[in-house]
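> Show me the folded form of this:
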Amino acid sequence: MSQTEFNTVDAELVDFKVEEEHWQYYDLSDGSKLKIKLVLTQVLRSRNQMNKLGEPIYSWNAPTFLSIVSCLNSLRSRPTDTPVTPDRIADNIDVEVDFKKASKNDEWNVYTLTDGTTLQLKPKVNSIARTKLKGQAGEPVYTVATGNPTYKVKISNDLIRKPKRE
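Below is the predicted model of the structure:
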């Protein structure tokens with residue numbers, strides 16, 4: 001059974017408080033170390049769409065940010081002298097690199113929504129590639145392909161509607 005598409009026209013914005021946000025660290029096969037952070041920027045709650053338990057359906061925007069922590073000197077060279085844009089990154093992929101999560105703890109980003117719901121998110125990294133481009137310090141520029149984040153939602157009891165019996 002497929003889930004109904006989220007109806008953004010029917011949805012309302014819900015503000016939130018950041019309880020915890022964590023960087024996730026990754027060791028790359030080329031010797032570099034990256035850190036990635038998922039940051040919640042917007043939450044929508046459906047006014048009318050509910051799951052089978054009578055809980056409202058949520059949608060959110062949570063872009064992923066990337067920072068290089070370290071790299072081998074052999075990977076560094078003269079910085080790229082033109083702006084590093086998403087199109088340039090896509091056109092300059094050099095090699096896909098293997099990676100493993102260096103953070104041993106299972107840290108979730110935790111947000112408390114103003115409607116009493118708790119949302120927990122964790123980034124899902126599918127692949128990492130090194131480009132031919134270089135950053136300000138001559139470090140390699142990487143691109144990370146992420147999937148939908150892993151999530152947990154604890155809905156406030158005040159929002160749960162009893163499903164109608166047929």
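> distance between the ends of stretch 78-94?
Stretch 78-94 has an end-to-end distance of 16 Å (C-alpha to C-alpha, to the nearest Å).
> Please apply the same query to stretch 114-123.
23 Å.
> Which residues does that stretch contact?
14-17, 24, 36-38, 40, 43, 45, 58, 60, 62, 64, 107-113, 146, 149-156, 158-159 (C-beta atoms under 8 Å, 6 or more residues apart in numbering). (Each C-beta comes from the backbone N, C-alpha and C, glycine too.)
> Indicate each strand paired with the longest strand anywhere in the chain and its parallel or antiparallel sense.
For the chain, the strand that runs over the most residues, judged by DSSP state E, is strand 118-134. Next to strand 118-134 in the sheet, as set by DSSP bridges, lie strand 93-97 (antiparallel), strand 109-113 (antiparallel), strand 140-154 (antiparallel).
> Now the buried members of the contacts of stretch 114-123.
14, 16, 24, 36-38, 40, 43, 45, 58, 60, 62, 64, 108-111, 113, 146, 149, 153, 155 (16 or more other C-beta atoms under 10 Å).
> what about the helices in the chain?
86-91 (DSSP state H).
> in it, which ranges drop under the pLDDT threshold?
Along the chain, segments meeting pLDDT under 70 span 1-4, 163-166.
> closest one to S77 among the strands paired with strand 118-134?
Evaluated over those, closeness to S77 peaks at strand 140-154, with 8.8 Å, by C-beta to C-beta.
> Centre of the chain to that closest one, how far?
Strand 140-154 sits 4 Å away from the centroid of its parent chain (C-alpha atoms, centre = their mean, to the nearest Å).
> ditto for stretch 100-119
Per C-alpha atoms, centre = their mean, the centroid offset for stretch 100-119 relative to its chain is 11 Å.
> what about the closest residue to T8 other than its chain neighbours, distance to V9?
Spatial nearest neighbour of T8, excluding adjacent residues (C-beta to C-beta, 6 or more residues apart in numbering): L44 at 6.4 Å. Counting by C-beta to C-beta, to the nearest Å, the separation of L44 from V9 is 10 Å.
> These two: who's more crowded?
Taking other C-beta atoms under 10 Å, L44 and V9 do not tie; L44 has more neighbours (18 against 5).
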